[in-house]
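**Q** when you get a sec, could you give me coordinates for this:
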Amino acid sequence: MTGTPLMAVRNLTGGYDDVTVIRNVSLDVHPGQAVFVTGRNGVGKSTLVKLIAAQLQATDGTITFNGRDITEEPGHSRRSVGIGYAPQESVVFDTLTIFENLTLHYRDRDLTRYDNLFSLFPRIGERLAQLAGTLSGGEKKIMSFCRAIAEETRLVILDEPSEGVQPENIDRMGKSILKETACGRSFLIVEQNMTLVEQVADQVHLLDHGECVFETGRVPDLRKIVSERLQI
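**A** Residues are numbered from 1 along each chain as shown. Model (predicted):
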């Protein structure tokens with residue numbers, strides 16, 4: 001895609017303490033684009049987005065967002081410039097209700113921002129008084145997804161949003177993402193569910209051993225192409 005990217009990641013390197021997991025990864029996310037990172041378990045996908053979301057500190061490389069170098073900025077600063085993040089794990093506060101999980105970061109506690117999402121995922125809207133810790137793993141993922149989509153951010157980072165989610169709800173997630181990208185919002189998504197990738201992706205990066213080994217735009221037979229590349 002031509003034009004200036006909303007976010008540009010260049011030669012990003014980092015990991016945990018003295019263990020390097022991600023090596024020299026570069027990618028762009030343009031306005032209105034859904035960019036996916038996929039690959040086998042344990043190849044560094046979640047580590048990559050943790051570096052981008054400042055949950056981990058990069059040891060080399062740069063991250064630019066909307067023309068601003070945010071490489072050294074902390075996570076709360078990245079949120080303030082318009083980057084949302086839904087992690088793979090610890091996606092809800094178990095001891096709080098669904099209502100509290102969805103509204104604790106808003107002073108007005110207004111649920112109208114979730115109206116469209118509740119229409120897609122009515123079980124969340126119907127159980128607002130229930131403790132989030134009593135939800136299934138898939139239901140927690142849906143609630144985390146709704147919370148991330150409802151925030152007024154320009155870029156949403158989602159780490160394995162479909163994990164444990166029923167197929168019909170994965171399809172609804174895809175429709176929600178497509179609606180948002182049509183309005184100019186951008187997404188960076190770690191995902192192994194190829195049905196969602198095929199439904200939504202504008203760009204796909206395949207990771208292996210912490211490096212990007214293949215990338216492609218929206219093409220026919222994407223599932224087959226990625227499966228063949230995973231054999232390398």
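**Q** can you give me the helices in the chain?
**A** 45-52, 75-81, 98-103, 115-120, 122-125, 137-150, 167-182, 194-200, 222-229 (DSSP state H).
**Q** for the second one, buried residues please.
**A** Buried residues in helix 75-81, counting neighbours by 16 or more other CB atoms under 10 Å, are found at 78-79. Glycine gets a C-beta too; all of them are placed from N, C-alpha and C.
**Q** need the residues that contact that helix.
**A** 53-55, 65-66, 68, 70, 85, 153 (CB atoms under 8 Å, 6 or more residues apart in numbering).
**Q** re the thing from before, buried deepest among the helices of the chain, which one?
**A** helix 45-52 (a mean of 25; mean count of other CB atoms under 10 Å).
**Q** what sits opposite residue 190 in the beta ladder?
**A** residue 37, residue 159 (DSSP bridges).
**Q** what about it, how many residues close to it?
**A** 25 (other CB atoms under 10 Å).
**Q** residue 101 versus the residue located most distally from the centre of the chain, what's the distance?
**A** In the chain, the greatest distance from the average C-alpha position (CA atoms, centre = their mean) is reached by residue 129, at 26.8 Å. Residue 129 sits 12 Å away from residue 101, going by CB to CB, to the nearest Å.
**Q** is it true that residue 120 touches residue 179?
**A** No. Under the criterion of CB atoms under 8 Å, residue 120 makes no contact with residue 179, lying 9.7 Å away.
**Q** residue 26 - how many residues pack around it?
**A** Residue 26: 14 neighbours (other CB under 10 Å).
**Q** for the helix or strand of the chain with the lowest mean pLDDT, packing partners?
**A** Here the helix or strand of the chain ranked lowest by mean pLDDT, DSSP states H and E is helix 222-229, holding a mean of 76. Under the contact criterion of 3 or more CB pairs under 8 Å, 6 or more residues apart in numbering; DSSP states H and E, helix 222-229 touches helix 194-200, strand 203-208, strand 211-217.
**Q** what is the last one packed up against?
**A** Think strand 211-217. Looks like strand 211-217 contacts strand 19-29, strand 203-208, helix 222-229 (3+ CB pairs under 8 Å, 6+ apart).
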